[in-house]
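*Asks:* Turn this into a model:
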Amino acid sequence: MRSVIIMILSLLFIGCGDDQCQYADDIATQPVDIEINRLEKRLFAAQSVDEVVSFLRDNQSFADIFLDAQQYPSDTILGKKIFSLIKNPGIDTLYQEATAKYESMQTIEEELEVAFGKLKTLYPQTQTPRFETIVSGLYKDIYITDTSILVGLDFFIGDDATYKPQQIPYYILSRYDKEHLSSVIVKYMAGQLVVPGRKPTLVSEMIDFGKTYYLTQRLLPCTPDSILLGYTPQDMQLINENEAVIWATLLENEVLYETSHITKRKFLGERPNIYEINQKCPGRVGAWVGWQIVNSYMDKNSIDLKTLLETENEQIFMQSGYKPQSR
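*Replies:* Next up, the predicted model:
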């Protein structure tokens, strides 16, 4: 499984309440113990360059991945830079706010333990990842492999953060908070298990996303669909009420079998709105339609999750019978 630095702009009906978890018993949950190593607490407690250098050497993998340590001639040079950074008042503000927001990460631990426990049932070779957090001065947000999760908590403080990432558009920044963190991680892991469709068409890539969301929903059965998709409740209401209109527009414009990257980005890429459908239609709506196609297919076919992830997308589309009705 490949590793990736995820800026969430590359990821993608309001769900049930906590007492109405959908699909909670669909997949047995194996016992998993995820412990979160709060690296930022030791780093910001450092009182000298030597202590920072010692921290970097004790956490070499983190330093290489998150701080690009290999680009520096020596640990001491990087240590001096990092020590100066953690003594900066602005960075200290980020640290204090991140520490307050994430005083407890119990809910995140429990959600991930459920998700990885279910993954172990589906794929027994699944490893329990090492989970570490840091405050990096908004340098990197998140890094995930099949064995390691590193999170820059200062990216995920949320709306009340004094300093926010400047390079992230407002319609994406809303997903950078504590509420979305578990779903970001699990969506990535789910996406790695999807066998991509053979044809590079828009509808095939829509179904790739649909498979990812379908699996993620069953790994995080108590997470609202709006959080899984990264949409606001208002966005969810709009697309649910206009599902037939959205589908009709895709058909009328004859774009389902388009292979143009420009066309596919219009319906699957990050945009504040898809003006080709409606001025208020949120971006990435093609991924949501792909999810509805997968839901329709699974309603009509008795197959397990692993088989779904491996099924060719053209077959899913043709056998889904997807045809939303106007409301």
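
*Asks:* Show me the shaky parts of this structure.
*Replies:* 1-20, 23-25, 326-327 (pLDDT under 70).

*Asks:* ranges for the strands of it?
*Replies:* 4-5, 36-38, 130-134, 142-144, 148-152 (DSSP state E).

*Asks:* which one of the ones you listed lies closest to residue 203?
*Replies:* When those are compared by Cβ to Cβ, strand 4-5 sits nearest residue 203, at 25.0 Å. Using the backbone N, CA and C atoms, a C-beta is placed for each residue, glycine as well.

*Asks:* roughly how far apart are the residue nearest the centre of the chain and residue 190?
*Replies:* Most central in the chain under Cα atoms, centre = their mean is residue 184, positioned 2.0 Å from the mean C-alpha point. Distance, residue 184 to residue 190, by Cβ to Cβ, to the nearest Å: 11 Å.

*Asks:* can you check residue 111 too?
*Replies:* Residue 111 is 14 Å from residue 190, by Cβ to Cβ.

*Asks:* Give me the more crowded residue out of these two.
*Replies:* Higher neighbour count among residue 111 and residue 190: residue 190, with 24 against 21, using other Cβ atoms under 10 Å.

*Asks:* Might one say that the more buried one is in contact with residue 215?
*Replies:* Yes. With contact defined as Cβ atoms under 8 Å, residue 190 counts as touching residue 215 (4.2 Å).

*Asks:* and the end-to-end length of stretch 33-45?
*Replies:* 27 Å (Cα to Cα, to the nearest Å).

*Asks:* go on, stretch 194-208?
*Replies:* 7 Å.

*Asks:* Equivalent analysis for stretch 82-97, please.
*Replies:* Here stretch 82-97 reaches across 19 Å from its first residue to its last, counting by Cα to Cα.

*Asks:* can you tell which of the strands of the chain is closest to residue 158?
*Replies:* Using Cβ to Cβ, the strands of the chain put strand 148-152 closest to residue 158, at 13.6 Å.

*Asks:* List the neighbouring strands of that closest one plus their orientation.
*Replies:* Within its sheet, strand 148-152 is paired with strand 130-134 (parallel), strand 142-144 (antiparallel), according to DSSP bridges.

*Asks:* still on that earlier bit, want to throw the strands of the chain into JSON lines with distance to residue 301?
*Replies:* Shown next, in JSON lines, are these (distance: least, Cβ to Cβ, whole Å):
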{"stretch": "strand 4-5", "distance to residue 301": "31"}
{"stretch": "strand 36-38", "distance to residue 301": "39"}
{"stretch": "strand 130-134", "distance to residue 301": "36"}
{"stretch": "strand 142-144", "distance to residue 301": "31"}
{"stretch": "strand 148-152", "distance to residue 301": "34"}
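
*Asks:* Could you export those strands as CSV, including distance to residue 235 and mean neighbour count?
*Replies:* Formatted as CSV, the strands of the chain follow (distance: least, Cβ to Cβ, whole Å; neighbours: other Cβ atoms under 10 Å):
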stretch, distance to residue 235, mean neighbour count
strand 4-5, 26, 14
strand 36-38, 31, 16
strand 130-134, 29, 21
strand 142-144, 23, 21
strand 148-152, 25, 22
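
*Asks:* out of these, nearest to residue 61?
*Replies:* strand 148-152 (7.5 Å).

*Asks:* Convert the C-alpha atoms of the closest one to PDB, please.
*Replies:* Provided in PDB are the C-alpha atoms of strand 148-152 (Å, rounded to 0.1, in the frame of the first residue of the first chain):
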ATOM      1  CA  SER A 148       1.600   4.900  10.200                       C
ATOM      2  CA  ILE A 149      -0.600   7.900  10.800                       C
ATOM      3  CA  LEU A 150       0.900  11.300  11.400                       C
ATOM      4  CA  VAL A 151      -1.400  14.300  12.000                       C
ATOM      5  CA  GLY A 152      -0.500  18.000  12.200                       C
END
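
*Asks:* just to revisit the earlier point, got TSV for the strands paired with strand 148-152, with distance to residue 196 too?
*Replies:* Shown next, in TSV, are the strands paired with strand 148-152 (distance: least, Cβ to Cβ, whole Å):
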stretch	distance to residue 196
strand 130-134	28
strand 142-144	19
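
*Asks:* Out of these, flag the one nearest residue 153.
*Replies:* strand 130-134 (5.1 Å).

*Asks:* Which residues does the closest one contact?
*Replies:* Here strand 130-134 makes contact (Cβ atoms under 8 Å, 6 or more residues apart in numbering) with 34-40, 43, 59, 62, 66, 102, 105, 112, 147-153.

*Asks:* Could you list the domains of the chain?
*Replies:* Segmentation of the chain into domains, based on automatic domain parsing, reads 4-191, 202-320.

*Asks:* Which of these has the highest mean neighbour count?
*Replies:* Neighbour counts (mean count of other Cβ atoms under 10 Å) averaged over each of the domains of the chain peak at domain 202-320, with a mean of 19.
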